[in-house]
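Q: Next come a sequence and a model predicted from it.
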Amino acid sequence: TLSVDRSKRSVKDGIPPLRTLLQITPVGASTSDAVVIEVIDVETAAVQTSGGAGRAAAPPPGGTSFIVPTSVNATGAGGAVFSSDGWLKNEVSVDVVAELIYTPQDKDGLADADVLKATVTIPAGNTLRLSNLVTSIFQTGGTGQVEVRAATPQALSLRTVVESVKGGEPATRFGTEIPTTSFGAGIGAGQGELAVPGIDDDTASRANLILAETTGASAQVNITINDSLGQQIAATATPIPVPPYGKVQINRVVDFLKNGLTVSGGWAGVSVVSGSGKVVPVATVIDNASTSFSAIQGRAPRSNVPGSARSLDDTAPAPDALAALPTTLILPSAARLPGAFNTQFITNLAIVNPTGAPANLTLTYNYIDADDGSLAKSVQKPLTIRARGALSKETGSDVILNLFGISNRSYGWIRVEGDVARVVAVSAVAAQVDPDDSSKGFKSAQVNGIFSDSPDVMGPGDTEHRFAGTEKSVQRRTNLILVETASQPCSVVLRAYGATGDKLAESTVTIRPNEYKQINDILGTGAGALGLGDGPYQNVGVSAQVTASGSCKVVALATVNDNISKNPEIFILKAPGPGSELTIGF
């Protein structure tokens with residue numbers, strides 16, 4: 001029997017709902033025979049119902065908001081329980097009031113009686129842990145879209161994941177980050193299409209497609225499925241309606257559009273044909289053997305984005321200088337080697353060219369050769385992606401071996417140059433479920449390719465980039481990766497913050513030009529780590545900030561790895577506020 005005595009709660013525990021892990025070990029057994037149970041202490045918030053839960057059709061206060069395309073608490077195939085988790089952090093020194101609005105799948109977010117709203121106050125510097133978000137905050141089940149509104153949205157940061165576990169068995173757990181977007185993001189009528197890479201329906205994997213509306217207006221959507229050779233092989237017979245602030249999910253999208261069709265290494269094109277709404281597509285690409293998935297957001301190639309839409313701050317048209325096309329695309333994490341707990345990692349790469357002309361690219365893998373004295377090396381390969389085509393699955397799968405020809409154990413990052421404005425790219429670091437049997441499938445974490453002028457790339461003078469979900473427990477461990485992308489030496493200060501915003505530790509590390517620096521156990525005591533010790537720790541915020549002068553550029557990532565199930569989750573550290581990545585609609 002478990003009970004809670006809330007009088008013994010410390011303010012440093014943070015604000016409810018509070019999450020802890022209980023490890024139960026049989027008498028006389030080792031910890032490898034233990035089970036780990038997640039316990040959530042929920043203090044229910046007041047939830048408002050009625051048509052649209054009082055949500056107005058006007059833009060949210062502050063001009064923007066966070067949109068989570070899908071949040072879930074539901075049972076899937078084989079008894080797997082899917083639930084959302086996340087971290088909503090107040091990054092400033094005053095309290096922030098936030099509204100969380102849940103629109104169930106296929107419902108109208110302005111008018112439907114099933115729409116729910118919860119209002120929470122997040123104290124200065126605090127993190128609101130969103131464990132089992134749909135149940136703990138909204139006291140319901142199912143799946144839908146969540147919007148987070150605040151008068152000062154730039155004071156907040158939000159990251160969410162969807163995780164699954166079958167029968168409560170920790171070894172079956174998998175999950176991945178759900179891309180958080182913002183009000184007005186996505187694509188509208190007459191704005192072309194967004195490309196979703198990595199669409200498969202074959203013996204190895206399949207793909208579902210989520211359509212989320214972001215402005216409070218309806219939209220009619222067309223979808224095409226295209227193969228790696230540039231051929232359109234399926235399309236919607238009639239447009240698919242997406243209601244205001246709605247979420248529509250198309251399971252096994254390839255088969256839905258054309259019954260019995262198979263495709264490997266394909267991509268989906270999503271366009272709005274009527275209505276004044278805007279839509280963000282997110283594909284969940286599912287491994288048939290392990291049933292785990294990656295969540296891949298549709299994006300536009302930069303060459304298809306009008307110059308006036310390329311503003312980085314979403315407040316004004318970009319001047320011509322900012323509208324210049326980028327010359328470098330960064331894939332900040334790649335690995336092909338075993339990690340802790342004998343986790344076997346490989347990297348898969350998907351690149352789509354949705355434009356009408358070929359994309360001539362040069363890919364450079366900057367890596368550490370773990371079988372040759374951990375020497376820093378690089379290898380370069382030319383690649384052409386045909387018009388409306390994609391990188392073949394045969395080449396993109398286990399890309400370090402199949403494209404770059406590197407069989408030694410290695411880890412690093414990939415620089416793409418050439419016609420990068422024509423392409424959309426995403427990589428997935430995949431962990432083999434059974435280190436000794438690849439037939440049991442993989443669990444993957446996707447990482448978007450980002451342009452060199454992305455706000456996710458830090459330079460001197462930029463605000464610190466952050467992630468609030470660092471964990472060190474019997475269940476998970478967290479590493480930090482720093483990648484220098486401008487061929488310049490760099491200095492970066494790292495900080496850790498508690499769930500109530502208090503600074504716990506600080507360290508400074510140096511990075512060589514083009515270096516991929518991985519700090520294992522970032523909260524531990526190793527070189528470059530923050531020195532907090534054995535823990536356990538949850539909901540620790542970690543940040544990175546470039547301190548050196550000059551022109552160095554750094555991407556920072558947190559990798560949260562499951563010690564039991566081998567599942568990786570990868571988070572790019574970001575500045576506070578709703579994302580401002582460049583897509584049509586911004």
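A: Received the coordinates, thanks. Numbering: from 1, shown residues only.
Q: For this protein, which segments count as helices?
A: 133-138, 253-257, 393-396, 399-402 (DSSP state H).
Q: Return the most buried member of those helices.
A: Most buried of the helices of the chain by mean neighbour count (mean count of other Cβ atoms under 10 Å) is helix 133-138; its value is a mean of 23. Glycine gets a C-beta too; all of them are placed from N, C-alpha and C.
Q: Minimum distance to P69: which of the helices of the chain has it?
A: helix 133-138 (13.2 Å; Cβ to Cβ).
Q: Can you tell me what sits against the closest one?
A: 17, 40, 42, 45, 47, 71-73, 83-86, 100, 102, 116, 118, 120, 130, 140-144, 146, 160 (Cβ atoms under 8 Å, 6 or more residues apart in numbering).
Q: let's see 7 Å
A: If you take Cβ atoms under 7 Å, 6 or more residues apart in numbering as the criterion, helix 133-138 is touched by 17, 40, 42, 45, 47, 71-73, 84-86, 100, 102, 116, 118, 130, 140-142.
Q: Closest to the mean position in the protein, which residue would that be?
A: E177 (3.8 Å; Cα atoms, centre = their mean).
Q: buried sites along the one helix or strand in the chain whose mean pLDDT sits lowest?
A: Using mean pLDDT, DSSP states H and E, the weakest-scoring helix or strand in the chain turns out to be strand 35-41, at a mean of 83. Across strand 35-41, burial judged by 16 or more other Cβ atoms under 10 Å covers V36, E38, D41.
Q: still on that earlier bit, PyMOL command for the buried members of the contacts of helix 133-138?
A: Restricted to buried positions by 16+ other Cβ under 10 Å, the PyMOL selection for the contacts of helix 133-138 reads:
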select buried, resi 17+42+45+47+71+72+73+84+85+86+100+102+116+118+130+142
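Q: mind listing which of the contacts of helix 133-138 are in strands?
A: 40, 47, 71-73, 84-86, 100, 102, 116, 118, 142 (DSSP state E).
Q: Same list (those residues) but as JSON lines, adding distance to L403.
A: Output for these, formatted as JSON lines (distance: Cβ to Cβ, whole Å):
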{"residue": "I40", "distance to L403": "43"}
{"residue": "V47", "distance to L403": "50"}
{"residue": "S71", "distance to L403": "36"}
{"residue": "V72", "distance to L403": "35"}
{"residue": "N73", "distance to L403": "40"}
{"residue": "S84", "distance to L403": "35"}
{"residue": "D85", "distance to L403": "34"}
{"residue": "G86", "distance to L403": "34"}
{"residue": "L100", "distance to L403": "43"}
{"residue": "Y102", "distance to L403": "42"}
{"residue": "L116", "distance to L403": "47"}
{"residue": "A118", "distance to L403": "47"}
{"residue": "G142", "distance to L403": "41"}
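Q: P460: which of those residues is nearest?
A: Of all the ones in strands among the contacts of helix 133-138, P460 sits closest to G86, with 30.8 Å by Cβ to Cβ.
Q: Please tell me how far the closest one sits from L128.
A: G86 sits 9 Å away from L128, going by Cβ to Cβ, to the nearest Å.
Q: burial measure for R159, as a count.
A: 25 (other Cβ atoms under 10 Å).
Q: swap in Q518?
A: Neighbours around Q518, by other Cβ under 10 Å: 19.
Q: does it really touch I481, like I thought?
A: Yes - the pair Q518 / I481 is scored as a contact, 5.1 Å apart, by Cβ atoms under 7 Å.
Q: Next, P326: phi, psi?
A: The phi/psi pair for P326 (degrees, to the nearest 10) reads phi -70, psi 160.
Q: Surely it touches I450?
A: No - under the criterion of Cβ under 7 Å, P326 is not in contact with I450, lying 9.7 Å apart.
Q: Name the residue in the two with the higher neighbour count.
A: Higher neighbour count among P326 and I450: I450, with 22 against 17, using other Cβ under 10 Å.
Q: show me the contacts for that one.
A: I330, D456, V457.
Q: And it, how far from R415?
A: Counting by Cβ to Cβ, the gap from I450 to R415 is 11 Å.
Q: what's the answer for T327, then?
A: For T327, the distance to R415 - Cβ to Cβ - is 11 Å.
Q: Find me whatever residue is spatially closest to V248, sequence neighbours aside.
A: Leaving aside its chain neighbours, V248 sits nearest to L211 (4.6 Å; criterion: Cβ to Cβ, 6 or more residues apart in numbering).
Q: now T284: how far from S392?
A: In terms of Cβ to Cβ, T284 sits 22 Å off from S392.
Q: So between the two, which is more surrounded?
A: Remark: of T284 and S392, T284 carries more neighbours, 21 against 16, as counted by other Cβ under 10 Å.
Q: now the more buried one, which residues is it bridged with?
A: In this entry, T284 is beta-bridged to N208, A295, by DSSP bridges.
Q: give the contact list for it.
A: Applying Cβ under 7 Å, 6+ apart, the residues contacting T284 are A207, N208, I210, F293, A295.
Q: And the pLDDT at the closest residue to G461 other than its chain neighbours?
A: Distances taken as Cβ to Cβ, 6+ apart put V546 closest to G461, at 7.8 Å, once the chain neighbours are dropped. Looking at V546, its pLDDT reads 96.
Q: Quantify the burial of V546 by counting its neighbouring residues.
A: V546 has 25 nearby residues by other Cβ under 10 Å.
Q: Identify the bridge partners of it.
A: V492.
Q: separation between the closest residue to A235 other than its chain neighbours and L349?
A: Sequence neighbours aside, T224 is the residue nearest to A235 in space, at 4.6 Å (criterion: Cβ to Cβ, 6+ apart). If you measure T224 against L349 using Cβ to Cβ, the figure is 22 Å.
Q: How about G184?
A: Between G184 and L349 the computed distance is 30 Å (Cβ to Cβ).
Q: now swap in I24 and tell me
A: In terms of Cβ to Cβ, I24 sits 41 Å off from L349.
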